[in-house]
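In: starting from these lines, generate the structure:
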Amino acid sequence: MNEIKQQTFTGERALFTSVGLDIHNCVFEDGESPLKHSKNIKVTDSAFRWRYPLWYCSDIEMRNCTFSEDVRAGLWYTENLRINKATIESPKNIRRCSNVELQDVRFTNGPETLWFCDHIMMKDIYVKGDYFAMNSNNIRAEKLRLEGKYSFDGVRNVEISDSKLVTKDAFWNSENVTVYNSFISAEYLGWNSKNLTLINCTIESLQGLCYVDNLVMKNCRTLNTTLAFEYSNCDVEIAGHVDSIKNPSSGVIRVGSIGELIMERERVNPDATEIILTAN
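Out: Numbers count the residues shown, from 1 in each chain. Presented below is the predicted three-dimensional model:
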């Protein structure tokens, strides 16, 4: 690979269609699309400060890099992308990409990030921004810390573990989502989803987990959670108390205690849902 060290690049398409570069300690200043249509690129200890640096690329590896706020839509239409130890301050990053690996990355201003992507691995990630990961598929996330509304809308085939999600309307319209050993604070959690599984999780939600086709909860806890499970097909196991449950459509709910159980016969068949109180 050809090495490039300690250079500053300006102007549009500075390294357009490059192949086989090892870039160290460089700065990409004003000038759009410096590495557009490039492949087999390594970038280390470098800074990006303008729009669209990596579009239509393949086999990109980045380490200890920063993306300033002006790097709008920084990485789009790219495959085989690996980013390690990066700070990304710009919105709308990583869109329509495939085979993405992210480790120790901070998205400090990350609305509309990771849209329409496929095959994503994430570990030790911090995200602050709304609409994270919309319509992406085949996601594996470990130690994800998320602050932002409307996350994971329309996703498919997702596993999340050891994470903290402070969000709203999370996992709407999703399919095949499993979350392990995590904390989720989200109003209207999981609406219109299919095959949503929560294992060893703590949930805080207003009118959450409603309209779910096949909701599974194992050894979960709830706090400040009201009007849960409306029109959902449930196989639910909750350790402790739930503030209120409203109109589940069918299944089994095992729970220590319930503050208020609302079953409106004109809306659902109460006999279709078995409520088992497990507290002694």
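
In: where in the stretch 151-280 of the chain is pLDDT low?
Out: Residues of the stretch 151-280 of the chain meeting the criterion pLDDT under 70: 280.

In: neighbours around the nearest residue in space to N135 that is not next to it in sequence, how many?
Out: Nearest in space to N135, with sequence neighbours left out and distances taken as CB to CB, 6 or more residues apart in numbering, is G154 at 4.2 Å. Placement of C-beta: from N, CA and C, glycine included. Around G154 there are 18 other residues, counting by other CB atoms under 10 Å.

In: from what I can see G154 touches F132, true?
Out: No: applying CB atoms under 8 Å as the test, G154 and F132 come out as separate, 11.8 Å apart.

In: secondary structure element for the residue nearest to N135?
Out: G154 belongs to no helix or strand when assigned by DSSP states H and E.

In: for T78, what are its contacts?
Out: Listed by CB atoms under 8 Å, 6 or more residues apart in numbering, the contact set of T78 reads 54-58, 60, 97.

In: switch the cut-off to 6 Å
Out: T78 is in contact with 54, 57, 97, counting by CB atoms under 6 Å, 6 or more residues apart in numbering.

In: run a quick neighbour tally on the closest residue to it other than its chain neighbours.
Out: Leaving out its chain neighbours, the residue that sits closest to T78 by CB to CB, 6+ apart is C57, at 4.4 Å. Per other CB under 10 Å, the neighbour tally for C57 reads 24.

In: quick check on C57: phi, psi?
Out: The phi/psi pair for C57 (degrees, to the nearest 10) reads phi -110, psi 170.

In: cool, A272 as well?
Out: Dihedral angles (degrees, to the nearest 10) for A272: phi -80, psi -10.

In: just the strands in the stretch 51-200 of the chain please.
Out: Secondary structure of the stretch 51-200 of the chain by DSSP state E, counting those that start in this stretch: the strands cover 54-55, 58-63, 66-67, 75-76, 79-88, 98-107, 118-128, 137-147, 156-161, 164-168, 175-180, 183-187, 194-199.

In: shouldn't Y52 be in contact with L35?
Out: No: using CB atoms under 6 Å, Y52 makes no contact with L35, being 9.4 Å away.

In: would you confirm that the residue nearest to T78 contacts K36?
Out: No: C57 is not in contact with K36 according to CB under 6 Å; the separation is 7.4 Å.
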